[in-house]
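Okay, predicted coordinates and the sequence, questions at the end:
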Amino acid sequence: MSTKTTLPSRLIGSRSVAAIGLGAMPMSIEGRPDEARSIATIHAALDAGVTLIDTADSYHLLAGEVGHNERLIARALETYEGDKEDVLVATKGGHLRPGDGSWTQDGSASHLIEAAEASREALGVEAIDLYQFHRPDPRVKFAESVGALVHLLDTGVIRMAGLSNVTVDQIEEAQEITDGRIVSVQNQFSPAFRSSLPELRACAELGIAFLPYSPLGGIGSAADLGKVNAAFQRIADDRGVSPQQVALAWELSLAPVVIPIPGASRPETIRDSAAAAELHLTEEELASLNA
């Protein structure tokens, strides 16, 4: 059953999105499913009321596959027969996979501008809904990278701009450079990884969406969340839900700007995650999880 009418929403810029997003990365990297299951997963997310889909040009496995995940999302949206009007696709640039399992970076303005154009083509859109600088490059001045976002905004290649893997100081610097046009920050955050709490709080103060990636601990750890976090498992057992739902509901409680983007490669997992938006934890439960 669709929960589109009951899911609470958060704002990204002038857009309202559902409280839980979809991280599409697992559909394009190691262990990825076939395309049919990936598209079924994206369709299941949309049926469940998810309106934010997160991707990046670097979400691919092999050399020569840059944009694999973006093209997959474009095909899924093209074949979806339901309402797509509110769907927002967020992609990223500046982080690269050569195809040998490693990651590299290129935060130069020239690369980001070129990468955004390529992402626009891969997604098949006139303008990218939300484009985020994937990771600061230590070889490039942060101001140069953020300046590329300003150029992309001013030229209409992207509608909104965001950051990923940044510090509080970098958020504030980017806001100054862009004249307050940064609308999102995507940092790692989960029950086991809380070091981005200062950035989450800064986003709440500034009214910027905070998008926790790997909100369940990452691809290799999400299934074991309840085993390593006893409080989450106990509350899940008491409520008759999964510990993953409890984790997402806890993250939503931290600030109105939080929109977790759990990764998924199966319809059943994204359906379970989307249901977390309707799980309201008590003050006692939250105190236990915050401890």
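Looks like it came in fine.

where does the protein dip in pLDDT?
1-8 (pLDDT under 70).

Helices of the stretch 101-250 of the chain, start to end?
109-123, 142-154, 168-177, 197-206, 225-228, 230-239, 243-254 (DSSP state H, counting those that start in this stretch).

Quick one: these as TSV, columns for distance to residue 24 too.
All C-beta atoms are positioned from the backbone trio N, CA, C, and that covers glycine. As requested, the helices of the stretch 101-250 of the chain are exported to TSV (distance: least, C-beta to C-beta, whole Å):
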stretch	distance to residue 24
helix 109-123	12
helix 142-154	21
helix 168-177	25
helix 197-206	22
helix 225-228	20
helix 230-239	25
helix 243-254	17
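
Out of these, which is closest to residue 50?
Among the helices of the stretch 101-250 of the chain, helix 243-254 comes nearest to residue 50, with 12.0 Å by C-beta to C-beta.

And the closest one, what does it pack against?
Contact analysis of helix 243-254 by 3 or more C-beta pairs under 8 Å, 6 or more residues apart in numbering; DSSP states H and E lists helix 225-228, helix 230-239, helix 267-274, helix 283-290 as its packing neighbours.

tell me the most buried of the helices of the stretch 101-250 of the chain?
helix 243-254 (a mean of 24; mean count of other C-beta atoms under 10 Å).

For residue 44, which of the helices and strands packed on helix 243-254 is the nearest?
So among the helices and strands packed on helix 243-254, helix 267-274 is nearest, using C-beta to C-beta, at 3.5 Å.

Return the set of buried residues in the closest one.
267, 269, 270, 271, 272, 273, 274 (16 or more other C-beta atoms under 10 Å).

Need the residues you listed in a markdown table (columns: distance to residue 291).
Below are the buried residues of helix 267-274 laid out as a markdown table (distance: C-beta to C-beta, whole Å):
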| residue | distance to residue 291 |
| --- | --- |
| 267 | 34 |
| 269 | 27 |
| 270 | 29 |
| 271 | 30 |
| 272 | 25 |
| 273 | 24 |
| 274 | 27 |
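
Let me know the closest of those residues to residue 125.
residue 270 (22.4 Å).

right, and that closest one touches residue 50 too?
Yes. Judged on C-beta atoms under 8 Å, residue 270 makes contact with residue 50 at a distance of 6.9 Å.

Between these two, which contacts overlap?
residue 22 (C-beta atoms under 8 Å, 6 or more residues apart in numbering).

my read: residue 219 touches residue 264, true?
No. The pair residue 219 / residue 264 is not scored as a contact, 10.1 Å apart, by C-beta under 8 Å.

Compare neighbour counts for those two and give me the winner.
residue 264 (27 against 16; other C-beta atoms under 10 Å).

dump the residue contacts of the residue lying closest to residue 25 once chain neighbours are set aside.
Using C-beta to C-beta, 6 or more residues apart in numbering and skipping the chain neighbours, the partner closest in space to residue 25 is residue 59 (4.7 Å). Listed by C-beta under 8 Å, 6+ apart, the contact set of residue 59 reads 24, 25, 27, 28, 29, 68, 69, 70.

Those in helices, which ones?
68, 69, 70 (DSSP state H).

if I pick the second one, what's in contact with it?
Right, residue 69. 24, 25, 27, 28, 55, 56, 59, 60.
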